[in-house]
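[1] attaching a predicted model along with its sequence, questions to come.
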Protein chains: 2
Amino acid sequence: MHQSDPTGLHRVQDDARVLPQAARRLDTRPELWPDEVRIRVERLNLDAASFRQLEQEYHGDGGAVRDAVLAIVADRGKMQNPVTGSGGMLIGTVEEVGPESPLGLEVGQRVATLVSLTLTPLVITDGLAGWDGRSEQVPCAGHAILFGRSIAAALPDDLPTGLSLAVMDVCGAPALTARVVEQYVARGRAPRVAVIGGGGKSGSLALAAARAAGGARLIGVVPTDREAAALEASGLADQVVVTDARDPIALRDAVTGAGGPADVTVVCVDVPGCEGGAVLATADGGTVVFFSMATSFSAAALGAEGVAADVTMLVGNGYVPGHAALALDLLRTNPGVRTLFEERLA
Amino acid sequence: MHQSDPTGLHRVQDDARVLPQAARRLDTRPELWPDEVRIRVERLNLDAASFRQLEQEYHGDGGAVRDAVLAIVADRGKMQNPVTGSGGMLIGTVEEVGPESPLGLEVGQRVATLVSLTLTPLVITDGLAGWDGRSEQVPCAGHAILFGRSIAAALPDDLPTGLSLAVMDVCGAPALTARVVEQYVARGRAPRVAVIGGGGKSGSLALAAARAAGGARLIGVVPTDREAAALEASGLADQVVVTDARDPIALRDAVTGAGGPADVTVVCVDVPGCEGGAVLATADGGTVVFFSMATSFSAAALGAEGVAADVTMLVGNGYVPGHAALALDLLRTNPGVRTLFEERLA
């Protein structure tokens, strides 16, 4: 293909015309089309659901996980977990900017890409030698390509790189949570908000965003006493409950017992099977926002229908304008969020 | 389990505590818990995505499709396609009503169940001898169970049974489409609405619902000239365009060329891979409603993020209060809808 498309269509090597995210394989050549940008990669941040799946598939064998990631990227020209369908993001330095790129980036800038690795052409050149396969953050040498319609954000000077990357990776969750809570508030009703996985990265940011947007009562659901203690110490939730979110009846009863059902339920856990419980934990007329890449579309749709639940269910779109700046500000202004992130990264 | 739960939890035979929809296997015993209802089954209506998948897997061999359905129901105690995760619905006659059933049904009533077959305990006793495996509507003898929190609707007297069943099977789509369009109208802006698969059952009802709710410009997208002619003759859309919805660029260009991008895009096609095109066909600030059971959650979430699209994406909940009555009324009052349904059933 001689002409580029802002969606990156010109890099798709499949027979069918599909977008890069849906493609089997992308063209990773370092030469740029006029509206592209090439990044010298420094670190990948694997999506939590994807990393969890790989860790389980290889029984925690870091070397095998590393080999699996290398094989996927070599095969597909991008990092897309074939089971979860998800990827992650990366940071690096702008190496070359095509003359028609609309992204406003400059050579030498350190940036985080805010589009998924599942659609980002990627070449790894160091065999991931600096990674032990035991954490989502992957030191990496190589190059990646951004398209005309991609998004990248400059890394802030006042925060450690790993912290910024971890925040930006999940920055869609607080932005969309804030928008949904604001819609309830605008209709004259401060909503009760339950965040399933409230102690995690996207979950703690979602709680902070819900508070800032006017949520009335914030319920954090976590899987272990240890996470409960950490979330309680953070002060982000009004009440913290421990339960297995895959058990729909337990989740319903836990949220109801903590002052629910919720008007807004935000699902931030990276395990499959939480759709039914999230629906049952939500009041009639309420909203469920699914951020977990482990969400099953049919389980959500049929699960709600199956219990005659009149709830609005949102697919958690990772893009909301201003999402990175909002998430970084929540981290800067909420010591509870920052502590949870730093503990996770330690 | 000695006590019943309105969700049907007491019929789940899995080791883990999951809702009936997520269960591997359900208890199909005909004896009722106090809040249950038993239906003498007359006909199943397989979900379109499920039937399409089976038809393709067995290359249109009706006998093999029939055997596959029988094997699934015998194995799982419910009809749930293992690939698509979806089921369908059924009609039959109320045979026994438990003393504590809240559904208001009476013995002898002919009803359609409005909860999915994926969570309905089902026993087939006639080997589906009356079905050739070549259509979604399956004559069937056997029994099925409804729970405390199920939904069933009496079959109307003024419409043929097959027609009512076909309408009720997809009645969530027009109800949710109407609600979304009304929300735009309430904010002072009659939305442009694109229905992908506008010539199908859920699609034609969604178009009729969008018109009734105040949609400004209705665009119907269909895959073939034949469907286009039928949809044009129905008068349900302001403009009909022919394109392959799996080609994201073609879909974007078709909708844009027909007066789009759309403020509300409704996805009603039963093939995978339409997520990216639906997002690209939708204006910034718009809404995509996914009704197809072939929708991939991660493809939708990452597809929107990957092109920096600020769109709200809804999981098409099959339950909206009053959905069956609304859909039947749309059929009664729109000769175009009725003709399209009758042609499909012929």
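    Yep, that arrived.
[2] against residue A:130, how distant is the nearest residue to residue A:122 once chain neighbours are set aside?
    Excluding the flanking residues, the one nearest residue A:122 by CB to CB, 6 or more residues apart in numbering or on different chains is residue A:144, at 4.8 Å. Backbone N, C-alpha and C define where each C-beta goes, glycine included. Separation of residue A:144 from residue A:130 (CB to CB, to the nearest Å): 17 Å.
[3] for stretch A:111-121, which positions count as buried?
    By 16 or more other CB atoms under 10 Å in any protein chain shown, the buried positions in stretch A:111-121 come out as A:111, A:112, A:113, A:114, A:115, A:116, A:117, A:118, A:119, A:120, A:121.
[4] what about that stretch, start to end distance?
    16 Å (CA to CA, to the nearest Å).
[5] report the mean confidence score over that stretch.
    For stretch A:111-121, mean pLDDT rounds to 93.
[6] got phi/psi on residue A:195?
    With angles defined as degrees, to the nearest 10, residue A:195 sits at phi -110, psi 110.
[7] so what's the nearest residue to residue A:135 once chain neighbours are set aside up against?
    Spatial nearest neighbour of residue A:135, chain neighbours left out: residue A:51 (8.0 Å); criterion: CB to CB, 6+ apart. Counting by CB atoms under 8 Å, 6 or more residues apart in numbering or on different chains, residue A:51 touches A:65, A:88, A:135, A:136.
[8] of these, closest to residue B:343?
    residue A:88 (47.7 Å; CB to CB).
[9] what are the bridge partners for the closest one, then?
    Applying DSSP bridges to residue A:88 gives these bridge partners: residue A:46.
[10] so how far is chain B from it?
    11 Å (CB to the nearest CB, to the nearest Å).
[11] most proximal residue of the stretch 151-300 of chain A with respect to chain B?
    residue A:298 (3.6 Å; CB to the nearest CB).
[12] that residue touches residue B:87, doesn't it?
    No. If you go by CB atoms under 8 Å, residue A:298 and residue B:87 don't touch, sitting 9.3 Å apart.
[13] what's the overlap in contacts for these two?
    In terms of CB under 8 Å, 6+ apart, residue A:298 and residue B:87 are both contacted by the residues residue B:118.
[14] for residue A:1, give me the pLDDT.
    pLDDT, residue A:1: 59.
[15] which residues in chain A form helices?
    A:48-57, A:62-76, A:161-169, A:172-186, A:201-212, A:225-234, A:248-257, A:275-280, A:297-306, A:323-333, A:335-345 (DSSP state H).
[16] what about chain B: which of the buried residues of stretch A:111-121 touch it?
    A:114, A:115, A:116, A:118, A:119 (CB under 8 Å from any CB of the partner chain).
[17] would you turn those into JSON lines with distance to residue B:274?
    What follows is these, written out as JSON lines (distance: CB to CB, whole Å):
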{"residue": "A:114", "distance to residue B:274": "24"}
{"residue": "A:115", "distance to residue B:274": "20"}
{"residue": "A:116", "distance to residue B:274": "19"}
{"residue": "A:118", "distance to residue B:274": "17"}
{"residue": "A:119", "distance to residue B:274": "17"}
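[18] pull the most distant pair out of those.
    A:114 and A:118 (13.0 Å).
[19] around chain B, which positions in the stretch 101-250 of chain A sit nearby?
    For the stretch 101-250 of chain A, the contact set with chain B under CB under 8 Å from any CB comprises A:114-116, A:118-119, A:149-151, A:172, A:246-250.
[20] out of those, which are inside strands?
    Within those, no residue falls in strands by DSSP state E.
[21] tell me which of those residues is nearest to residue A:225?
    Scanning those for proximity to residue A:225, where the rule is CB to CB, the winner is residue A:250, at 15.1 Å.
[22] shouldn't residue A:275 be in contact with residue A:305?
    No. Checked against CB under 8 Å, the pair residue A:275 and residue A:305 is beyond contact range at 11.6 Å.
[23] who's more crowded, those two?
    Using other CB atoms under 10 Å in any protein chain shown as the criterion, residue A:275 and residue A:305 rank with residue A:275 on top: 32 against 25.
[24] so what's the more buried one up against?
    Residue A:275 is in contact with A:267, A:290, A:295, A:296, A:299, A:300, A:303, B:22, counting by CB under 8 Å, 6+ apart.
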